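Colleague: Sequence plus the predicted model coming up.
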Amino acid sequence: MGSDYPPSLRCGLPGLILSLETVFILVFWFCFSNESGSTAKDLDIYPAFQDVNVLVILGFGFLLAFLKRYGFSSTGFNLLIAALGVQWAVLVEGFLFSFSAGKMKISLHSILKASISVTAVLISAGALLGKANPIQLIWMAMVEVAAFSTSRWINVKFLKVEEHTSLMHVHIFGTYFGLAVSWWLYHSSLSERVEKEKSNLVSDLFSMLGTLFLWMFWPSFNSVLIVDLVEKRNAICNTYYAIAVSAVAAFALSSLSSRNGKIRMIHIHHAALAGGVALGFSAPIIPHPWIAMMLGLLASMVAVLGSHCLQTYLNSVLKIHDTCGVHYMFGLPGLLGAIVNVLLFIIIKRDSLSSLGYLVLIEVGSFMLTTAIGLGTGFITGFILTFKLWKTLPASKYFDDQAYWEFPHLAYGF
């Protein structure tokens, strides 16, 4: 019979973090240098970079803080894996995309792409919220960033997918990587929602604050890497139309799906951002606002109805416990957006009939490859994370900050 006491991370966690940082510093020292000619370009993109940075740190940090006894861990571990993940992503993408003789050049643009890439890890962490310790999360982040960057490299180098589109696969990859890991970490006690897995007024307000940060800065997320000015303008405007409609529709759909007609906060969390997620692929090429608005409405329906109808099935039948509901917030809207992008691509390229079939095959193959790599690497990672080496948390300590954080007021009885 296993112990109900959480294993101490005193040696493992500091050793792992300091070892990784030492390696990162040495690699940056010997292999990387700042790109001297990019100063003006870096200063031009800094406002948009700051938007993405706020979205990653504040937005996701508070979004995941909805569990009433897991607020410290939700926000704290989000910062930990985001900061480590960005450093690792800069290294991996530098070797994959910019490798040459001598030192590789990096700029603010490199950090921006790394920040977008690391959102895959934050999405996956939402599926594992409360069930994985920080050592497991760090190792998951290292594997996932490397896997996503490799997937992106294949898409860009061999399938000739645009860089912006390859990075917008982050929602799909992060969701299905996280769900595959979550399948391995499933415990029979999760078949019914335990008391510590519930939210309260304060935790729901913090989570809604995160949703608001994400909602405000999502147009920047969808447009920051687009170079063409007209397409960038289209991406910003279309994203706003989509998230506006998906947020408004969320209130109506939540009320309709409730027996007493009341609005559920979880539906607002899931659906308010769904339009922006779905529009990630096609935001720059949508010619009319009504198309973006329709896609936002469909994404909101998918998020709310998926949450209402599929959650019990995933938990009890497939043994996949998705704590934050990332499947409905990012996965399903991302797949919807990928399918709509293919349809729009067919409509826009209909005059090039000779090459249309090949181009459509590339578009479909791109997001299917991303999904397959996400599921495959997530499955392998989840299996490895079940080993005792990672000081796995006992199920009785799931969703509880006291397994990792000091609470002086509790220690002294106040």
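Modeller: Alright, I've got the coordinates. Residues are numbered from 1 along each chain as shown.
Colleague: what's the distance between residue 50 and residue 277?
Modeller: Counting by Cβ to Cβ, to the nearest Å, the gap between residue 50 and residue 277 amounts to 21 Å. (Glycine included, C-beta is placed from N, CA and C.)
Colleague: now do residue 402
Modeller: Between residue 402 and residue 277 the distance, using Cβ to Cβ, works out to 34 Å.
Colleague: Of those two, which one has the most company?
Modeller: Regarding residue 402 and residue 277, a neighbour count based on other Cβ atoms under 10 Å identifies residue 277 as having more, with 34 against 14.
Colleague: Verify the stated contact: the more buried one with residue 333.
Modeller: Yes: applying Cβ atoms under 8 Å, one finds residue 277 in contact with residue 333, separated by 4.2 Å.
Colleague: Please go through the protein and pick out the longest helix.
Modeller: helix 353-384 (DSSP state H).
Colleague: can you give me the offset of that helix from its chain's centre?
Modeller: Computed by Cα atoms, centre = their mean, to the nearest Å, the separation of helix 353-384 from the middle of its chain amounts to 17 Å.
Colleague: What are the buried residues along that helix?
Modeller: Within helix 353-384, the residues that qualify as buried are 362-363, 366-367, 369-371, 373-375, 377-379, 381-382, counting by 16 or more other Cβ atoms under 10 Å.
Colleague: Kindly tell me how buried residue 407 is, as a neighbour count.
Modeller: Neighbouring residues of residue 407 were enumerated by other Cβ under 10 Å; the total is 11.
Colleague: about what we covered before: any common contacting residues for residue 277 and residue 333?
Modeller: In the contact map built from Cβ atoms under 8 Å, 6 or more residues apart in numbering, the residues linked to both residue 277 and residue 333 are 171, 299.
Colleague: who touches residue 166 in this structure?
Modeller: The contact partners of residue 166, taken as Cβ under 8 Å, 6+ apart, are 152, 155-156, 366.
Colleague: if I look at it, how far off is residue 249?
Modeller: As for residue 166, its distance to residue 249 is 29 Å (criterion: Cβ to Cβ).
Colleague: quick revisit: using TSV, lay out the contacts of residue 166 together with pLDDT and secondary structure.
Modeller: Putting the contacts of residue 166 into TSV (pLDDT from 0 to 100; DSSP: H, G, I helix; E, B strand; the rest coil) gives the following:
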residue	pLDDT	secondary structure
152	96	helix
155	95	helix
156	95	helix
366	94	helix
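Colleague: so which of these would you say is closest to residue 287?
Modeller: Using Cβ to Cβ, residue 366 is the member of the contacts of residue 166 that lies nearest residue 287, at 22.2 Å.
Colleague: In contact with the closest one: list those residues for me.
Modeller: If a contact means Cβ under 8 Å, 6+ apart, then residue 366 has 155, 159, 161, 165-166, 169 as its contacts.
Colleague: which of those residues sit farthest apart?
Modeller: Spanning the widest gap among those are 159 and 169, at 11.4 Å by Cβ to Cβ.
Colleague: neighbour count winner among these two?
Modeller: residue 169 (26 against 15).
Colleague: Around the closest residue to residue 323 other than its chain neighbours, count how many other residues there are.
Modeller: In this structure, residue 323 finds its nearest non-sequential neighbour in residue 129, 3.9 Å apart by Cβ to Cβ, 6 or more residues apart in numbering. Taking other Cβ under 10 Å as the criterion, the count of residues near residue 129 is 28.
Colleague: so what's residue 129 scoring on pLDDT?
Modeller: At residue 129 the predicted local distance difference test score is 94.
Colleague: ok, then the element right after the strand or helix carrying residue 294?
Modeller: Here residue 294 sits within helix 289-316, counting by DSSP states H and E. Remark: after helix 289-316, the chain's next helix or strand is helix 326, criterion DSSP H and E.
Colleague: The strand or helix carrying residue 233 to helix 289-316, inter-axis angle?
Modeller: With the criterion set as DSSP H and E, the secondary-structure element containing residue 233 is helix 229-257. Between helix 229-257 and helix 289-316, the angle comes out at 50 degrees (axes from the mean of the first three to the mean of the last three Cα atoms, to 10 degrees).
Colleague: Give me the helices and strands touching the very next helix or strand once past helix 229-257, please.
Modeller: Proceeding N to C from helix 229-257, the next assigned helix or strand is helix 265-271, under DSSP H and E. Packed against helix 265-271 by the contact rule (3 or more Cβ pairs under 8 Å, 6 or more residues apart in numbering; DSSP states H and E) you find helix 201-223, helix 229-257, helix 289-316.
Colleague: about what we covered before: residues of the helix holding residue 294 that come out buried?
Modeller: If you call a residue buried by 16+ other Cβ under 10 Å, then helix 289-316 has these buried ones: 291-308, 310-311, 314-315.
Colleague: quick one, what contacts residue 180?
Modeller: Taking Cβ under 8 Å, 6+ apart, one finds 374-379, 381-382 in contact with residue 180.
Colleague: Mind doing that once more with 6 Å?
Modeller: For residue 180, the residues meeting the contact criterion (Cβ atoms under 6 Å, 6 or more residues apart in numbering) are 375, 378-379, 382.
Colleague: same question, residue 69
Modeller: 196, 400-401.
Colleague: which SS state does it fall under?
Modeller: With DSSP: H, G, I helix; E, B strand; the rest coil as the basis, residue 69 sits in coil.
Colleague: Look at the nearest residue to residue 202 once chain neighbours are set aside and say how many residues are nearby.
Modeller: Closest residue to residue 202 apart from its sequence neighbours, by Cβ to Cβ, 6+ apart: residue 68 at 7.5 Å. The number of residues packed near residue 68 is 18, by other Cβ under 10 Å.
Colleague: What of residue 25?
Modeller: The burial count assigned to residue 25 is 11, neighbours taken as other Cβ under 10 Å.
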